[in-house]
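one predicted model, sequence on top.
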Amino acid sequence: MPVLVITGTGTEVGKTVTTAAVAAAALAAGRSVAVLKAAQTGVGPSERGDADEVVRLAGDVTAAELARFPEPLAPGTAARRAGLPPVHPHDVADAAAKLAAEHDLVLVEGAGGLLVRFDASGGTVADAAALLNAPVLLVASAGLGTLNSTELSARELDYRGIELAGVVIGSWPTTPDLASRCNVTDLSEVAAAPLLGALPEGAATLPPTDFRSTAPSWLAPRLDGTWDAEVFRVREAP
């Protein structure tokens, strides 16, 4: 898969750190990687954005950002309030296709969830994935409430005919509660897609060298890792 679109079930679920982990695992497997941030919000002109964070953690990655808006809002709203041109799905698809011509893997990181609006016409990262005919990796939280948002996202992808590559738990708690432990089994069932990884809580605080060397152990072989979903279920599920 030359292009993989990474989205979340919402905000603050570990999407950027997961993108960095996927990039690090691919680099360790000898692949060239580019990361495209479709729209960065809530960050000033001179501040570090999500693409910069992926580079810090993963290493030798080509980073690109299509647009940046100062307020921490949905991209379409942030663009309108800033008086700046919005990002459209075809902009994302065109930029990803150009990067794919020069890299083995292009990771397209959305903003927020699957249907967060980029423009006044209602364009979303799902529309960009459809234009690219690219699979989507869904990053979900571990605990209570995640099953509903995961299933809604999976159903929307299925409705649009977009492949859901799988689900990654963006932050697995050091001490998981009962809901999190049950969700190890239930997430893949409600998504009708495999569980492809679980990042440990606080992964982004690791020194970059440790992050890069450990990242493959958090991800399944489809994502160039060594993580085993069944072993994880036996260990963590109640």
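Perfect, I can see it now. Numbering: from 1, shown residues only.

low-confidence ranges, the protein, go.
By pLDDT under 70, the weakly predicted segments of the chain are 1.

where does residue 6 land in three-state SS?
State at residue 6, reduced to three classes by DSSP: H, G, I helix; E, B strand; the rest coil: strand.

neighbours of it, just the number please.
22 (other Cβ atoms under 10 Å). Placement of C-beta: from N, CA and C, glycine included.

what do you get for residue 148?
11.

in the helix or strand hosting it, what counts as buried?
Using DSSP states H and E, residue 148 maps to helix 146-160. When burial is assessed from 16 or more other Cβ atoms under 10 Å, helix 146-160 yields the following buried residues: 146, 147, 149, 150, 151, 153, 154, 156, 157.

so what does it touch, helix or strand wise?
helix 125-132, strand 136-140, strand 164-172, helix 178-191 (3 or more Cβ pairs under 8 Å, 6 or more residues apart in numbering; DSSP states H and E).

packed most tightly, which of the ones you listed would that be?
strand 136-140 (a mean of 29; mean count of other Cβ atoms under 10 Å).

quick one: that one to chain centroid distance?
6 Å (Cα atoms, centre = their mean, to the nearest Å).

what of stretch 24-32?
For stretch 24-32, the distance to the chain centre is 17 Å (Cα atoms, centre = their mean).

start to end distance for it?
10 Å (Cα to Cα, to the nearest Å).

got the buried residues of helix 146-160 as JSON lines, with distance to residue 116 columns?
Shown next, in JSON lines, are the buried residues of helix 146-160 (distance: Cβ to Cβ, whole Å):
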{"residue": "146", "distance to residue 116": "17"}
{"residue": "147", "distance to residue 116": "20"}
{"residue": "149", "distance to residue 116": "13"}
{"residue": "150", "distance to residue 116": "16"}
{"residue": "151", "distance to residue 116": "18"}
{"residue": "153", "distance to residue 116": "11"}
{"residue": "154", "distance to residue 116": "16"}
{"residue": "156", "distance to residue 116": "12"}
{"residue": "157", "distance to residue 116": "14"}
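
ok, which stretches of the protein are helices?
Using DSSP state H, the helices of the chain run over 15-28, 50-58, 75-82, 89-100, 125-132, 146-160, 178-191, 208-214, 229-236.

closest to residue 34 out of the ones you listed?
helix 89-100 (4.2 Å; Cβ to Cβ).

which residues touch that closest one?
2-3, 34, 36, 38, 62, 64, 66, 106, 108, 118, 123-125, 127-128, 130-132, 134 (Cβ atoms under 8 Å, 6 or more residues apart in numbering).

of these, keep whichever come out buried.
3, 34, 36, 38, 62, 64, 66, 106, 108, 118, 123-125, 127-128, 130-132, 134.

residue contacts, the residue lying closest to residue 178 once chain neighbours are set aside?
Once flanking residues are discounted, residue 178 sits nearest to residue 238: 6.4 Å by Cβ to Cβ, 6 or more residues apart in numbering. By Cβ under 8 Å, 6+ apart, the contact list for residue 238 reads 178, 181, 182.
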